[in-house]
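Visitor: heads up, no residue letters with this:
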């Protein structure tokens, strides 16, 4: 098995152990969405109109819940030194950790989104663009989040800082995810919005790899 | 430390390191051939850990270079990293994983030559393989970290205070492990305060500079 696959497998195993981030993130996603009917009232028409927005914004927040632990534990127990000294480039180490983060946060959120949509009376036409948008958008959230997580490693209270740093960078992912749903509901073509969401993902891949690896090198110095 | 070694594998050339405006060491030269060992001594803050991190490639030297089989380890690190096994202050263990899974991950990730079972045997932890790492004592965790090195014989071991938290029997075991590694053509560089028996080792003493 390649080093890349070994690292992805380890991080997924760590996150899905008892007390790991996976259950925490999913619990956060479901409970936060379940709060909205209490907050804005059970009017199905109103909920249906804002459902896609609720699901998307909650997905952004769920992505940052476990970001602080993405590199910090490895830095503290000395694993990061060993990851950096492997023949595999540090850029690929960052991508492996992003993939593992997405597998335990973004992917389950994407799979649960239709259920949440039903709970919030989301209109039938909106499901497919919502799910495709999340499938393309949530990996970008993990990638951009990794840049933030690596940058705050030097700070003592990194957890709160990550949100401030990363949430503004999530705005493009949110805008094009929502616009795909809006287009579907208005009977307009969805594809352009989905393509732009895909482009955001493609751009964030090298960005996360190089910026993340650079920040990790600084943190280990 | 013999610059006339017939076939040095690892060469340090005029290494200097400066941290936070403080000169830790300057103009260090040494050459190590397969089977050689170098023991770094010196008081706290004399730069032993920094020297190990510079050699590994985790820290950039202010001056000088490190050559592995003639190749600059910063410009062309692939061969060096394949041969290098580093033991820092951290044990790089995940408390949630069992002893076997902890070592298994690093063996797969570092493409180790020996199996985890053989490496655990070398540090005497075979009987605890299924225990979660969180249940190990500090000394046992250190031995598990050493097992990661035992899985990768023949290259260069860089060890920062490997004897910390080890009992007398384990220190002896470590001596045997290092001797076996050197007999197989490996190089060992270790920073230690303790009297770890390393036969025919060169000693490099670092001093505290202002």
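Guide: Yes, it's here. Fair warning: this is a prediction, and the values are worked out from it, not measured in the lab.
Visitor: Surely residue A:99 and residue A:8 touch.
Guide: Yes - if you go by C-beta atoms under 8 Å, residue A:99 and residue A:8 touch, sitting 5.3 Å apart. (Glycine included, C-beta is placed from N, CA and C.)
Visitor: Can you tell me the centre-most residue of chain B?
Guide: In chain B, the residue lying closest to the centroid (C-alpha atoms, centre = their mean) is residue B:158, at 1.9 Å.
Visitor: And it, how far from residue A:30?
Guide: 47 Å (C-beta to C-beta, to the nearest Å).
Visitor: Which single residue of chain B approaches chain A most closely?
Guide: residue B:90 (2.0 Å; C-beta to the nearest C-beta).
Visitor: which ones are touching that residue?
Guide: Listed by C-beta atoms under 8 Å, 6 or more residues apart in numbering or on different chains, the contact set of residue B:90 reads A:76, A:77, A:78, A:79, A:81.
Visitor: quick one: the residue nearest to the centre of chain B is in a strand?
Guide: Yes - according to DSSP: H, G, I helix; E, B strand; the rest coil, residue B:158 belongs to a strand.
Visitor: Look up which residues are beta-bridged to it.
Guide: Beta bridges link residue B:158 to residue B:86, residue B:189, judged by DSSP bridges.
Visitor: Would you check that it makes contact with residue B:85?
Guide: Yes - assessed by C-beta under 8 Å, residue B:158 is found in contact with residue B:85 at 7.2 Å.
Visitor: Residues of chain A that sit close to chain B?
Guide: Neighbours of chain B within chain A, by C-beta under 8 Å from any C-beta of the partner chain: A:1, A:3, A:6-7, A:10, A:13-14, A:17, A:19-20, A:73, A:76-79, A:81-87, A:220-221.
Visitor: PyMOL command for the buried members of the residues you listed?
Guide: To isolate the buried ones among these in PyMOL, judged by 16 or more other C-beta atoms under 10 Å in any protein chain shown, type:
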select buried, chain A and resi 3+6+7+10+13+14+20+77+78+79+81+82+83+84+85+86+220
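Visitor: which residues touch residue 126?
Guide: Assuming you mean chain A. A:51, A:52, A:117, A:181, A:184, A:185.
Visitor: my bad, the chain I had in mind was chain B
Guide: Counted by C-beta under 8 Å, 6+ apart, residue B:126 has contacts B:117, B:120.
Visitor: and the closest residue in space to residue A:92 that isn't next to it in sequence, how many neighbours does it have?
Guide: Spatial nearest neighbour of residue A:92, excluding adjacent residues (C-beta to C-beta, 6 or more residues apart in numbering or on different chains): residue A:4 at 5.9 Å. Counted by other C-beta atoms under 10 Å in any protein chain shown, the residues lying close to residue A:4 total 15.
Visitor: The residues of chain A next to chain B in strands, which ones?
Guide: Among the residues of chain A next to chain B, none falls in strands (DSSP state E).
Visitor: What does the pLDDT read for the residue located most distally from the centre of chain A?
Guide: Distance from the C-alpha centroid of chain A peaks at residue A:43, with 29.5 Å (C-alpha atoms, centre = their mean). Note on residue A:43: pLDDT of 92.
Visitor: Phi first, then psi, for it.
Guide: phi -60, psi 110 (degrees, to the nearest 10).
Visitor: Could you list every helix and strand in contact with the helix or strand of chain A with the lowest mean pLDDT?
Guide: When each helix and strand of chain A is scored by mean pLDDT, DSSP states H and E, helix A:158-166 comes last, with a mean of 86. Here helix A:158-166 touches helix A:44-65, helix A:127-151, going by 3 or more C-beta pairs under 8 Å, 6 or more residues apart in numbering or on different chains; DSSP states H and E.
Visitor: Scan chain B for its longest helix.
Guide: helix B:168-183 (DSSP state H).
Visitor: which ones are touching residue 86?
Guide: Just going to use chain A. Residue A:86 sits in contact with A:3, A:93, B:81, B:109, B:110, where contact means C-beta under 8 Å, 6+ apart.
Visitor: my bad, the chain I had in mind was chain B
Guide: By C-beta under 8 Å, 6+ apart, residue B:86 lies in contact with A:81, A:82, A:85, B:52, B:56, B:58, B:158.
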